[in-house]
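>>> next come a sequence and a model predicted from it.
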Amino acid sequence: MALNSLEPLVGHNVSVVTADGRVIVGILKGYDQTVNMILAQSHERVYSSGAGVEKVQLGLYIIRGDNIAVIGEIDEEMDGEINLADIRAEPLNTVVH
């Protein structure tokens with residue numbers, strides 16, 4: 001992951017999928033040369049095949065760079081229109097590398 005490609009995401013809502021299959025959403029406040037990230041106002045989205053998506057509040061959260069599988073900007077308008085209680089999905093598996 002190129003560090004300069006993260007700069008435009010600072011201050012924006014992002015979704016981070018971790019190597020252990022967690023989905024963390026929050027405002028990217030900063031990162032360092034090893035891609036450790038600081039997210040503010042963050043929450044984890046816990047997926048389940050039997051119930052809707054649970055949002056677990058995390059607040060200010062640090063994610064180690066070596067635990068990040070994917071990061072992307074969230075379209076806040078589109079995300080706000082999604083009813084997470086209606087979504088059913090199996091949790092993500094661990095990323096094997």
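Sure thing, it's come through. Because the structure is a prediction, the values reported are computed rather than measured.

>>> which strands and helices sit next to the one helix or strand residue 56 maps to?
Residue 56 belongs to strand 54-63 when elements are defined using DSSP states H and E. Using 3 or more C-beta pairs under 8 Å, 6 or more residues apart in numbering; DSSP states H and E, the elements in contact with strand 54-63 are strand 23-31, strand 37-46. Glycine gets a C-beta too; all of them are placed from N, C-alpha and C.

>>> average pLDDT for that strand?
The average of the pLDDT scores along strand 54-63 is 96.

>>> buried residues in it, which are they?
Going by neighbour count (16 or more other C-beta atoms under 10 Å), the buried part of strand 54-63 is 61, 63.

>>> and the angle for it with strand 37-46?
Here strand 54-63 points in a direction 160 degrees away from that of strand 37-46 (axes from the mean of the first three to the mean of the last three C-alpha atoms, to 10 degrees).

>>> turn the helices and strands packed on strand 54-63 into JSON lines, including mean neighbour count.
Output for the helices and strands packed on strand 54-63, formatted as JSON lines (neighbours: other C-beta atoms under 10 Å):
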{"stretch": "strand 23-31", "mean neighbour count": "19"}
{"stretch": "strand 37-46", "mean neighbour count": "18"}
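
>>> dump the least confident helix or strand in the chain by mean pLDDT to CSV, keeping only the CA atoms.
Of all helical and strand segments in the chain, the minimum by mean pLDDT, DSSP states H and E falls on helix 76-81, at a mean of 91. Only the C-alpha atoms of helix 76-81 are listed here, as CSV (Å, rounded to 0.1, in the frame of the first residue of the first chain):
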residue,chain,number,x,y,z
GLU,A,76,-21.5,8.6,3.5
GLU,A,77,-24.8,9.4,1.7
MET,A,78,-25.1,5.9,0.3
ASP,A,79,-24.0,4.3,3.6
GLY,A,80,-26.7,6.3,5.5
GLU,A,81,-29.4,4.8,3.2
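
>>> how far is it from where the chain is centred?
15 Å (C-alpha atoms, centre = their mean, to the nearest Å).

>>> who's in contact with it?
The contact list for helix 76-81, computed with C-beta atoms under 8 Å, 6 or more residues apart in numbering, reads residue 13.

>>> any idea how many residues pack against residue 50?
5 (other C-beta atoms under 10 Å).
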